[in-house]
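1. The following comprises the amino acid sequence and a computationally predicted model.
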Amino acid sequence: MSKLDFTQAAFFQSAPTLATCPPEQGSEVAFAGRSNAGKSSAINCLTGNGKLARTSKTPGRTQLINFFNITDEQRLVDLPGYGFAKVPLAVKKEWDKNLSQYLRERRSLKGLVLLMDVRQPMKEFDTMMINWAVEVDMPVHILLTKADKLKKGPAKTTLLDVRKHLKEADVDNLISAQLFSSLKKEGVEELKSVLSKWLTIPTKDIETSPDTESPE
């Protein structure tokens, strides 16, 4: 299988609600994670465009669902960062509602990239997202970001611990994990392989046979 050219990714649209998202055609993969997990940096690293997804020193600044087209039928989606946002509670509740609705109801969504700081993996939000994904049989690829912040030994140990946890929970057929560093560009090719697979599976195959979603 040939990999997609992620350098072709270009901003397409922002949406505050599911109703204002682009039409559900083609395939898309969403990036989610805590506000300090390095989500925008990972998207920029993946696409080779340092200005594609906004990065901010203020975690939680982005409150919109942002769509980036790779082709007319294949998209990357940058979801609002979770936590640390300095917004009123009512705004946060509405934001969380829109995020949950998108994840549960968006039919063109083929997989979820869940980003976690390698130094603080598997927090409450991460577990919540994984549990939801298992319930709806959606594949998840965990990026243990900022791997350059740890020496290779401890970073590898964290990865093995996460994989062990997934195996013990009997979800390792649906959920995969890798180390990733935007700064060192570590793990980019592995991420591209996973996303290319998800984004090129025919929609009809996914709808009729959910098991085909699962990463090998």
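-> Yes, it's here. On a predicted model such as this, the values are computed, not experimentally measured, just so you know.

2. which intervals of the chain have sub-threshold pLDDT?
-> By pLDDT under 70, the low-scoring segments of the chain are 1-2, 55-62, 83-87, 202-216.

3. could you pull out the helices for it?
-> 39-47, 89-105, 124-135, 152-168, 188-200, 203-208 (DSSP state H).

4. Turn the ones you listed into JSON lines, including mean neighbour count and distance to Thr7.
-> The C-beta positions use only the backbone N, C-alpha and C, and glycine is treated the same way. Listed next are the helices of the chain as JSON lines, based on neighbours: other C-beta atoms under 10 Å; distance: least, C-beta to C-beta, whole Å:
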{"stretch": "helix 39-47", "mean neighbour count": "23", "distance to Thr7": "6"}
{"stretch": "helix 89-105", "mean neighbour count": "14", "distance to Thr7": "26"}
{"stretch": "helix 124-135", "mean neighbour count": "15", "distance to Thr7": "28"}
{"stretch": "helix 152-168", "mean neighbour count": "14", "distance to Thr7": "27"}
{"stretch": "helix 188-200", "mean neighbour count": "18", "distance to Thr7": "11"}
{"stretch": "helix 203-208", "mean neighbour count": "12", "distance to Thr7": "24"}
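
5. how about the ones you listed in TSV, adding distance to Leu115?
-> Output for the helices of the chain, formatted as TSV (distance: least, C-beta to C-beta, whole Å):
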stretch	distance to Leu115
helix 39-47	5
helix 89-105	15
helix 124-135	9
helix 152-168	13
helix 188-200	11
helix 203-208	23
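
6. Indicate which one of those is closest to Pro22.
-> helix 89-105 (11.7 Å; C-beta to C-beta).

7. which other residues reach that closest one?
-> Under the contact criterion C-beta atoms under 8 Å, 6 or more residues apart in numbering, helix 89-105 has outside partners 16-18, 21, 30, 32, 63, 65, 79-80, 82, 85, 87, 109, 112, 132, 136.

8. For that helix, list the C-alpha coordinates in CSV.
-> The C-alpha trace of helix 89-105 is given here as CSV (Å, rounded to 0.1, in the frame of the first residue of the first chain):
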residue,chain,number,x,y,z
LEU,A,89,-17.8,26.4,32.7
ALA,A,90,-20.9,26.8,30.5
VAL,A,91,-18.6,27.2,27.4
LYS,A,92,-16.6,24.2,28.4
LYS,A,93,-19.7,22.0,28.8
GLU,A,94,-20.9,23.0,25.4
TRP,A,95,-17.4,22.4,23.9
ASP,A,96,-17.3,18.9,25.5
LYS,A,97,-20.8,18.1,24.2
ASN,A,98,-19.8,19.0,20.7
LEU,A,99,-16.6,17.0,20.9
SER,A,100,-18.5,13.9,22.2
GLN,A,101,-21.1,14.2,19.5
TYR,A,102,-18.5,14.4,16.8
LEU,A,103,-16.7,11.3,18.0
ARG,A,104,-19.9,9.3,18.4
GLU,A,105,-21.9,10.3,15.4
